[in-house]
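Colleague: The following comprises the amino acid sequence and a computationally predicted model.
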Amino acid sequence: MKILLAAATALLSTPLWAEGDLSSLSHSELVSNCVEVLDAGGDATDQAAELLSRSGFNLGEENTRKGQKCLGATYGAAFEFVGGRFVSPELQALALEDAEAKREAARQRELRYVEAVAEVCVEEYAADRFRALTTPICGEVFKAQGLPSSD
């Protein structure tokens, strides 16, 4: 009987998230587990990430505050509950900056490619005008930039 009682106590005291699948938890259970982990001094990154990935749900005032606490402590930013999801203006601004940096890096790579193709086409034009003029990509380069000068 003592073994059964000990097993039941251990099972009941184990938080749901310890079993692994956070996606099966309700929103309020997820918020509660996240706060429990934080209050115990643990790492609530998994719970916070799952909570942040969800949208289109409603929470009461208390769970909204708990969710803000969970996300704020995990990500070090202020969160609001807007439109059925948690958002952070600070993290959104960082994400926009990151997206802009990626777009600029892609634009720079494309520019370097176009410059390299143009350089090769000019070299080809100097070596074999007919082949350079009849190569489709060089034809596009010459149409856009004009023919190389014949200095």
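Modeller: Thanks, I have the structure now. Since the model is a prediction, treat every value here as computed from it, not as a measurement.

Colleague: Quick one: residues contacting residue 148.
Modeller: Contact analysis of residue 148 by CB atoms under 8 Å, 6 or more residues apart in numbering lists 122, 125, 126, 142. No exception for glycine: its C-beta is placed from N, CA and C like everyone else's.

Colleague: residues touching the last one, list them.
Modeller: Listed by CB under 8 Å, 6+ apart, the contact set of residue 142 reads 121, 125, 132, 133, 148.

Colleague: and the two most separated of those residues?
Modeller: Checked with CB to CB, these reach their widest spread between 133 and 148, with 10.9 Å between them.

Colleague: Return every residue with contacts to both of those two.
Modeller: If you check residue 133 and residue 148 against CB under 8 Å, 6+ apart, the residues they both contact are 125, 142.

Colleague: ok, back up a step: quick check: of the contacts of residue 148, which has the highest neighbour count?
Modeller: residue 125 (20 neighbours; other CB atoms under 10 Å).

Colleague: just checking, that residue touches residue 149?
Modeller: No - at 10.3 Å, residue 125 does not count as touching residue 149 under the criterion of CB atoms under 8 Å.

Colleague: Let me know the closest of the contacts of residue 148 to residue 58.
Modeller: For those, the nearest to residue 58 is residue 142 (61.5 Å; CB to CB).

Colleague: Please identify the buried residues of stretch 87-99?
Modeller: 87, 88, 91 (16 or more other CB atoms under 10 Å).

Colleague: May I ask which helix or strand of this structure has the lowest mean pLDDT?
Modeller: helix 2-13 (a mean of 36; mean pLDDT, DSSP states H and E).

Colleague: Check whether residue 81 sits in a helix, strand or coil.
Modeller: With DSSP: H, G, I helix; E, B strand; the rest coil as the basis, residue 81 sits in strand.

Colleague: Offset the numbering so it begins at 24, please.
Modeller: Let's use 24 as the start, then, which means that last one is residue 104.

Colleague: Sketch out the low-pLDDT regions of the chain for me.
Modeller: Where the chain drops to pLDDT under 70, the residues are 24-43, 173-174.

Colleague: how about a cut-off of 50?
Modeller: Residues of the chain that meet the criterion pLDDT under 50 lie in 24-42, 174.

Colleague: can you map out the helices along the chain?
Modeller: 25-36, 50-62, 68-76, 84-98, 112-150, 152-157, 159-168 (DSSP state H).
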